[in-house]
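J.: Provided below for reference: sequence and predicted model.
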Amino acid sequence: MVRIDDVIDTFLRRRPGADFSAIQRAYVFSAKQHEGQLRKSGEPYMVHPLEVARIIAEMGLDEASICGALLHDTIEDTATSKDEVTAMFGQEVAALVDGVTKLSGVNFTHKEQRQAESFRKLVVAMSEDIRVLLIKLGDRLHNMRTLEHMKPEARERIAQETREIYAPLADRLGIAWLKADLDDLAFMYLEPEAFEELQRSVDKTTKERKAYIQRTIDELQRFLKENGLDVKVTGRLKNFYSIHKKMRTKNIAYEDVHDAIAFRVVCDSLRDCYATLGFVHSRWVPVPGRFKDYVAMPKPNRYQSVHTTVVGKDGERIEIQIRTQEMHDVAEAGIAAHWGYKEGGGGNKNAADGFAWLRDLVEAQSESTDSQDFLESVKVDLFRDEVFVFTPEGEVKALRRGSSPLDFAFAVHTQVGSHCVGARVNGVQVPLRTELRNGDQIEIMTSKTQRPSPDWLEIAVTSRARNKIRAYLRQEQRKQARQAGGDLLEKALRKFGCSFPKMLKRGELEKLAGEMRFSNADDLIVAVGYGKVDLTDLINQLLPEDKRARPPAELKETPIERVMRKVKGSDDGIVLDGLDNLLVRFARCCNPLPGEDVVGFVSRGRGVVIHRRSCARAEALDPERRTKVQWSRQAVSQRPVKLRVTTGDRVGMLAAITNVFIKHDISIDSAHCQAEGHQRGVNVFTFMVRDLTQLNELVRGLKNTKDVVDVERVHY
């Protein structure tokens with residue numbers, strides 16, 4: 001078990017002579033607050049803060065960061081308040097602890113809503129001080145290392161969250177070892193059978209691999225020294241998850257993964273890096289298309305190295321990464337290598353300013369009106385491969401793979417994106433839907449009269465572009481609602497000989513808006529336009545008592561109540577604010593399943609239309625008509641699903657897939673199967689499932705089937 005002395009020793013190795021008195025006080029305070037608490041494993045709770053503190057110390061962070069790690073659960077899991085932490089350890093440490101703390105004291109309808117709001121809070125906190133995120137990643141790493149003590153459903157949920165959010169965040173910060181550890185741990189819990197099979201395969205060849213690595217290191221180091229280069233060479237087996245992804249993508253067995261070994265050459269200077277590359281290529285044959293120069297074109301997390309793959313000793317393909325010592329420090333420690341925090345001081349709170357992705361993340365959360373929508377967009381944007389493209393002036397822009405010229409336009413500037421009418425890629429005019437490729441040069445054509453349209457949400461893939469488009473559409477919808485509300489009020493008041501403009505000018509509407517708990521008169525008029533405020537009731541409150549009209553009872557109904565009045569006893573397993581038997585329709589664009597995160601839109605005369613929360617078409621709908629819905633616990637609804645299953649093209653492949661469907665008690669309604677190039681088969685199946693759980697079990701079964709390369713849900 002780790003002790004506080006171990007943490008301090010690690011801290012002092014990275015920061016010799018530093019003051020560690022605050023770390024000792026933080027340990028004593030945290031131990032007292034957590035006294036008597038146990039983890040799921042039965043260990044004293046204090047084991048966890050100590051392990052997190054050691055991880056933070058290994059990153060080379062300052063005293064305040066380690067204090068924050070020791071105290072990170074005190075506000076959330078004990079009776080300690082932020083004020084107490086501030087009084088004991090100062091504002092800097094208190095801000096770190098509060099930033100890591102999940103939202104508490106707030107009632108949320110769904111667990112997912114709490115998760116989304118907590119992540120949103122984390123984004124704001126880490127934008128002010130990146131150390132908040134580093135402590136959170138240390139916390140997640142130790143939780144993943146002890147995940148076996150959790151219930152199976154909790155293990156899967158936490159592992160999935162780690163794969164989708166925290167491992168990509170570690171990658172964005174450039175902390176390679178942390179990303180690899182999180183990826184491997186998530187792989188172990190999400191795909192245990194595949195993990196164990198790969199582990200057995202690796203164990204069989206461990207001795208041979210180690211001997212091969214050492215022989216290659218010796219030969220490469222000797223050869224480079226003979227050519228006047230004093231370098232340090234190391235070698236390692238790539239992490240399990242990266243090998244697994246390569247096996248799945250190429251549809252090959254472990255024995256056929258020829259570049260599972262990576263060698264690293266650390267040079268004295270940049271000139272030596274390129275000299276080393278030349279000598280390596282003169283010694284071994286380079287593999288075409290496998291050369292990448294991240295020195296001339298660094299990754300967004302500031303990673304720099306020259307990568308090449310060659311046919312090395314014994315005909316084995318090996319990847320060689322060539323870098324300087326400074327580049328190596330950045331590649332291993334990421335952001336912690338770029339910015340040291342001042343001993344006992346306030347730290348460099350703007351350290352993350354160089355990370356464009358973090359600025360985009362902060363901007364996205366400020367523009368998003370729904371936390372869960374924001375979290376989904378973050379998952380998509382973080383978990384991506386990148387494509388590097390150029391402006392006409394030669395500036396490099398890193399975008400998510402699959403991006404279009406429209407995404408590029410918004411990456412340049414919001415106004416460029418908003419007024420985009422076309423694009424030229426490498427001098428040729430192309431449709432806005434065109435997928436960009438590495439090295440493309442893009443020129444955007446604009447027009448002052450052009451404005452974003454809902455159709456753009458079907459084209460844009462980056463969070464920045466989608467958030468800007470949604471923000472504009474919401475603004476336009478509000479303008480239209482404001483115009484409609486003003487017209488309705490003016491027409492209704494005119495019947496009673498009153499002037500709407502005069503009432504507005506005299507402040508009567510402003511006063512009534514305050515009484516009705518609206519921010520201002522404009523918000524009240526917009527609500528009238530959206531149909532959220534009863535027009536007759538509003539007019540009666542504005543008119544003198546002798547002029548008031550008596551409205552028909554049905555005009556007092558809210559839009560939701562009007563929907564409910566039309567219900568004919570339908571029951572599709574949807575609950576709205578505790579009311580079931582709703583008149584609902586399921587959107588065909590996304591076909592939501594019981595168990596999926598859904599959102600409802602009130603439609604006039606057709607009940608509530610249910611979309612998946614992540615549905616692109618739902619994003620373009622009027623947000624004022626959005627209503628929270630959820631599946632009832634008794635929801636039993638057979639819903640149609642399409643899956644695209646990409647496989648190796650071999651005899652018996654279709655029979656193997658069909659057996660998986662039979663095993664999960666699912667009948668295939670239709671199938672379209674065809675062979676494509678590179679010995680691949682693409683099969684599209686349509687079938688009915690009960691809920692998301694049944695679909696996930698089927699997908700897992702298909703992915704674990706030999707020669708299945710990819711399984712993807714197809715939306716209508």
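T.: Looks like it came in fine.
J.: What's the biggest helix in this structure, counting residues?
T.: helix 192-226 (DSSP state H).
J.: same for that one, what does it pack against?
T.: helix 176-190, strand 232-237, helix 240-250, strand 261-267, helix 270-283 (3 or more C-beta pairs under 8 Å, 6 or more residues apart in numbering; DSSP states H and E). To be clear about C-beta, it is placed using only N, CA and C from the backbone, and glycine gets the same treatment.
J.: For my notes, please list these in CSV and give mean pLDDT and mean neighbour count for each entry.
T.: Shown next, in CSV, are the helices and strands packed on helix 192-226 (pLDDT from 0 to 100; neighbours: other C-beta atoms under 10 Å):
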stretch, mean pLDDT, mean neighbour count
helix 176-190, 93, 21
strand 232-237, 92, 16
helix 240-250, 86, 17
strand 261-267, 92, 21
helix 270-283, 94, 16
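J.: Compile the ones you listed into a markdown table and extend it with columns for distance to residue 75.
T.: Putting the helices and strands packed on helix 192-226 into a markdown table (distance: least, C-beta to C-beta, whole Å) gives the following:
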| stretch | distance to residue 75 |
| --- | --- |
| helix 176-190 | 24 |
| strand 232-237 | 40 |
| helix 240-250 | 33 |
| strand 261-267 | 41 |
| helix 270-283 | 46 |
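J.: picking that back up, got the buried residues for the longest helix of the chain?
T.: 194-195, 197-198, 209, 212-213, 216-217, 220-221, 223-224 (16 or more other C-beta atoms under 10 Å).
J.: hmm, back to that, so which of the helices and strands packed on helix 192-226 gets nearest residue 523?
T.: helix 176-190 (44.1 Å; C-beta to C-beta).
J.: May I have the closest one exported as CSV, CA atoms only?
T.: This file holds the C-alpha atoms of helix 176-190, laid out as CSV (Å, rounded to 0.1, in the frame of the first residue of the first chain):
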residue,chain,number,x,y,z
ALA,A,176,0.9,9.0,-24.0
TRP,A,177,1.5,6.6,-21.1
LEU,A,178,-1.7,7.7,-19.4
LYS,A,179,-3.8,7.3,-22.6
ALA,A,180,-2.3,3.8,-23.2
ASP,A,181,-3.1,2.7,-19.6
LEU,A,182,-6.6,4.0,-19.8
ASP,A,183,-7.2,2.4,-23.2
ASP,A,184,-5.9,-1.0,-22.1
LEU,A,185,-7.9,-1.0,-18.9
ALA,A,186,-11.1,0.0,-20.7
PHE,A,187,-10.4,-2.7,-23.3
MET,A,188,-10.0,-5.3,-20.5
TYR,A,189,-13.5,-4.6,-19.1
LEU,A,190,-15.4,-3.8,-22.3
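J.: So what touches it?
T.: Helix 176-190 is touched from outside by 137, 140-141, 144-145, 147, 155-156, 158-160, 162-163, 166-168, 170-171, 194-195, 239-242, 244, 303, 331-332, 334, with contacts defined as C-beta atoms under 8 Å, 6 or more residues apart in numbering.
J.: and these, which of them are in strands?
T.: Of the contacts of helix 176-190, none are assigned to strands by DSSP state E.
J.: Tell me the buried residues within these.
T.: 137, 140-141, 144, 147, 155-156, 158-159, 162-163, 166-168, 170-171, 194-195, 239-242, 244, 303, 331, 334.
J.: Return the subset of the residues you listed lying in helices.
T.: Per DSSP H, the subset of the buried ones among the contacts of helix 176-190 in helices is 137, 140-141, 144, 155-156, 158-159, 167-168, 170-171, 194-195, 240-242, 244, 331.
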